[in-house]
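*Asks:* this is a predicted model, with the sequence first.
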Amino acid sequence: MGPDGLHIDLASPLSTPVSAAANGTVIYGGLQVPGEPAQGLGMYVRIRHTDILATLYARLDYPRSRDVVRVGDQVIRGQLIGYTGVSGLASCPIISLYCRRMAAPSIHGATSDRQIRPGRWPTALQRQVSRW
């Protein structure tokens, strides 16, 4: 696991259900480039699991995954959050899973979406990810 996190692409049949890796709160759901499902990561869902750990599920089927979960929804491990698709720059049905360390909460309580670099992953975070 590098300083930015973990990334894996998994090919699967179109419209395969995608589940949350762990309990958390949906902090983003939609197209990376509004109105352009064929750009960037395409349709994706981002879930905050702890103050420093988030997962991002990209290249989901658009529009089928659009209304499965919404920002603010609490999800549990194994809960449906979308379906594999060919959105973004994907050329075949795929799910791109990112496990990222999040920036520290701001003074207003919001957590930034940017990654921390260069830095090392805390041991506690490594243990959490390895349990998945």
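*Replies:* Great, that's in hand.
*Asks:* going forward, measure contacts and count neighbours with C-alpha atoms only.
*Replies:* OK.
*Asks:* run the chain-centre distance for the helix or strand hosting residue 95.
*Replies:* Counting by DSSP states H and E, the element that carries residue 95 is strand 94-101. Centre-to-centre, strand 94-101 and its host chain are 5 Å apart (CA atoms, centre = their mean, to the nearest Å).
*Asks:* got a list of contacts for that strand?
*Replies:* Contacts to strand 94-101, defined as CA atoms under 8 Å, 6 or more residues apart in numbering, come from residues 4-14, 52-60, 84-86, 115-116, 121.
*Asks:* can you give me the helices in this protein?
*Replies:* For the chain, the helices defined by DSSP state H cover 123-131.
*Asks:* show me where it has strands.
*Replies:* Secondary structure of the chain by DSSP state E: the strands cover 5-11, 17-19, 24-31, 43-48, 53-60, 74-75, 80-83, 94-101.
*Asks:* next, the angle from the fourth one to strand 53-60.
*Replies:* Following axes from the mean of the first three to the mean of the last three CA atoms, to 10 degrees, one obtains 170 degrees for the angle between strand 43-48 and strand 53-60.
*Asks:* can you check the third one too?
*Replies:* For strand 24-31 and strand 53-60, the angle between their directions (the same axes, to 10 degrees) works out to 30 degrees.
*Asks:* partners of strand 24-31 in the sheet?
*Replies:* According to DSSP bridges, strand 24-31 forms sheet pairs with strand 43-48 (antiparallel), strand 74-75 (antiparallel).
*Asks:* quick one on the thing from earlier: of the contacts of strand 94-101, select the buried ones using a PyMOL command.
*Replies:* To isolate the buried members of the contacts of strand 94-101 in PyMOL, using 16 or more other CA atoms under 10 Å:
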select buried, resi 4+5+14+52+53+54+55+56+57+58+59+60+84+85+86+116+121
